[in-house]
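In: 3D, please:
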Amino acid sequence: MSQIPYQHLLVDPLTGLELTQLLKLAPGVDCLLPNPHLALEHIATQWHMLSTKLTREIAEDEALLKHPQLHELMRERIQRQVRWQKKFHHQLQELFKNIPAHTKSAYFDKMLQGLGHTLPLTQPLIGHPKNIFRDWSWGAVENQRYLDVVRSRAVGEKKNILVIAAGAGRLAYDLHQHFQADVTFALDNSYFFAQSFQKICFGEGMELVEFPAPSLGDESLAHEHKLVAPSLAREGLVYHLGDLNYLPYKPESFDLIITPWIIDLIPSTLPFLISNISSLLKPQGQWINFGPYSLSADIPSRCRWSQKEIRGFIEEVELEDFEESWEQVEYLKSPHSSLIRQEQMWTFSATKLHSDGRGIQRPQLKESWLIHHDHAIPLSSKVQMSLMSHKVPARVFELIDGKRSLKDIAALMQQEFQMTQAEAQQALTHFLSRWAESG
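Out: Numbers count the residues shown, from 1 in each chain. Model (predicted):
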């Protein structure tokens, strides 16, 4: 913990109260997740699991190369693959070397999932990897398009800028440089992007291997990039590892808020976010959104907002001067991939004309003991049920001794948990099958 820069703009993400401590991950990168140390423990577990998986895959390929009857052409391909995998693993090790050491078991990580409001549990450790190459290597045309979208709609000075779901950070960087902003915050819940951003924008850049899928051919199966910003970032550009449901900012702090390629991914919380964007804007501040609005089939009907409903949400929070346009664009077009993705990009902007005194909404924590850590945690029926749901899997693993069969363990479970033989055997088979398939 250290002195808090830009404290006049920040609040505690969980409570909305004054921010008294800030966890700095690196120069220009701060952690503003609720319960940041727990979040980093979860990320450390993710990294441990990914590193173990990569190590195992490399070892399996190296074992295959020792097979005397391996076809020579296959041998050449696997040898190239192993070289790229080792290089990629080493690059990730450099990127994640400052993460707290993994000391907890995977079971501890499962326990942390019970604290879902404090952790970005749905975020893969390396989600959307193409974005970093688009932002900092081969995506000049696309990056310029997004900057031009904002430039064409932005009116007046933009001294304080916020980019929500900033990804690998190129748009935040370009806006900060172009508008000569005093402060630009790039908010995203990806530790991978946050650490990469620091090296790219404030350091000497970084090397990273891209594995295009599908590739253009044999020579494009993997490609190493040097990722570097056009110039060092101006002072005032900061990456915040945070959660858009727990925005760590004071009301009326920003002249410009951008939400790129995100609103169709968060339909259940979209009205909530729109209200908070209005609260965060200064009078005469603008919100500019761009990206597709194509909801996936698994979104429940109650959250499948029409564009008309979204316009209604915007009107309800008194954002005015609404303007919109549609444009078909190529998205994430890698020169090393045969995939060409076309998207209908919906761009709209709205302006907050007057101060409204609206505060920032946060998910409600009914349990006072999650905020006041000296309060007793009540022994409820929910606690007892959770204890049982954790106790059964733990007991299964205790009974595995290298001698007992599945049938033997089921018989013991039948006695301890008052189950029928059929129930015990069926439940145990299902549980251990899922465990074995998880790797």
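
In: and the pLDDT for Met385?
Out: For Met385, the pLDDT comes out at 66.

In: now do Leu244
Out: For Leu244, the predicted pLDDT is 96.

In: surely it and Leu162 touch.
Out: No: Leu244 lies out of contact with Leu162 (Cβ atoms under 8 Å); the separation is 10.4 Å. From N, CA and C alone the C-beta is placed, and that goes for glycine too.

In: compare these two (neighbour count), which wins?
Out: Leu162 (28 against 19; other Cβ atoms under 10 Å).

In: contacting residues around that one?
Out: Contacts were defined as Cβ atoms under 8 Å, 6 or more residues apart in numbering; by that measure Leu162 touches Thr184, Phe185, Leu187, Tyr249, Ser253, Phe254, Leu256, Ile257, Ile258, Leu280.

In: among those residues, which are in strands?
Out: With DSSP state E as the criterion, strands contain Thr184, Phe185, Leu187, Phe254, Leu256, Ile257, Ile258 from among the contacts of Leu162.

In: may I have the beta-bridge partners of the fifth one?
Out: Right, Leu256. With DSSP bridges applied, Leu256 shows beta-bridge pairing to Ile161, Gln286.

In: circling back: what is the nearest of the contacts of Leu162 to Glu398?
Out: Leu187 (43.1 Å; Cβ to Cβ).

In: give the rounded mean pLDDT of the top helix by length along the chain.
Out: Longest helix in the chain, counting residues (DSSP state H): helix 36-65. For helix 36-65, mean pLDDT rounds to 92.

In: which secondary structure elements does it contact?
Out: Where contact means 3 or more Cβ pairs under 8 Å, 6 or more residues apart in numbering; DSSP states H and E, helix 36-65 is packed against strand 23-26, helix 72-95, helix 106-112.

In: lowest-confidence helix or strand of this structure?
Out: The least trusted helix or strand in the chain, going by mean pLDDT, DSSP states H and E, turns out to be helix 106-112, with a mean of 44.

In: list the contacts for Leu432?
Out: Applying Cβ under 8 Å, 6+ apart, the residues contacting Leu432 are Val396, Leu406.

In: just checking, it is part of a strand?
Out: No: counting by DSSP: H, G, I helix; E, B strand; the rest coil, Leu432 is not part of a strand but helix.

In: can you map out the strands along the stretch 201-350 of the chain?
Out: Here the stretch 201-350 of the chain has its strands, by DSSP state E, counting those that start in this stretch, at 206-210, 223-227, 237-241, 254-260, 281-291, 319-331, 341-352.

In: okay, the ones you listed in JSON lines with mean pLDDT, mean neighbour count and distance to Val141 next?
Out: Listed next are the strands of the stretch 201-350 of the chain as JSON lines, based on pLDDT from 0 to 100; neighbours: other Cβ atoms under 10 Å; distance: least, Cβ to Cβ, whole Å:
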{"stretch": "strand 206-210", "mean pLDDT": "97", "mean neighbour count": "20", "distance to Val141": "17"}
{"stretch": "strand 223-227", "mean pLDDT": "97", "mean neighbour count": "16", "distance to Val141": "16"}
{"stretch": "strand 237-241", "mean pLDDT": "98", "mean neighbour count": "26", "distance to Val141": "23"}
{"stretch": "strand 254-260", "mean pLDDT": "98", "mean neighbour count": "24", "distance to Val141": "16"}
{"stretch": "strand 281-291", "mean pLDDT": "98", "mean neighbour count": "21", "distance to Val141": "15"}
{"stretch": "strand 319-331", "mean pLDDT": "96", "mean neighbour count": "13", "distance to Val141": "8"}
{"stretch": "strand 341-352", "mean pLDDT": "97", "mean neighbour count": "18", "distance to Val141": "14"}
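
In: now these as JSON lines including distance to Thr420?
Out: Below are those laid out as JSON lines (distance: least, Cβ to Cβ, whole Å):
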{"stretch": "strand 206-210", "distance to Thr420": "53"}
{"stretch": "strand 223-227", "distance to Thr420": "57"}
{"stretch": "strand 237-241", "distance to Thr420": "49"}
{"stretch": "strand 254-260", "distance to Thr420": "53"}
{"stretch": "strand 281-291", "distance to Thr420": "53"}
{"stretch": "strand 319-331", "distance to Thr420": "54"}
{"stretch": "strand 341-352", "distance to Thr420": "52"}
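
In: if we can go back for a sec, how far away from the center of its chain is the helix or strand that the least confident helix or strand of the chain is followed by?
Out: Using DSSP states H and E, the helix or strand that follows helix 106-112 in sequence is helix 130-133. With Cα atoms, centre = their mean, to the nearest Å as the basis, helix 130-133 stands 14 Å off its chain's centre.

In: so which elements touch whichever helix or strand comes after helix 130-133?
Out: Moving toward the C-terminus from helix 130-133, the next helix or strand (DSSP H and E) is helix 140-153. Applying 3+ Cβ pairs under 8 Å, 6+ apart, one finds that helix 140-153 contacts helix 170-179, strand 254-260, strand 281-291, strand 319-331, strand 341-352.

In: could you dump those into a markdown table and include distance to Ile409?
Out: What follows is the helices and strands packed on helix 140-153, written out as a markdown table (distance: least, Cβ to Cβ, whole Å):
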| stretch | distance to Ile409 |
| --- | --- |
| helix 170-179 | 53 |
| strand 254-260 | 51 |
| strand 281-291 | 50 |
| strand 319-331 | 50 |
| strand 341-352 | 49 |
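
In: kindly provide the distance from Leu92 to Trp138.
Out: Distance, Leu92 to Trp138, by Cβ to Cβ, to the nearest Å: 20 Å.
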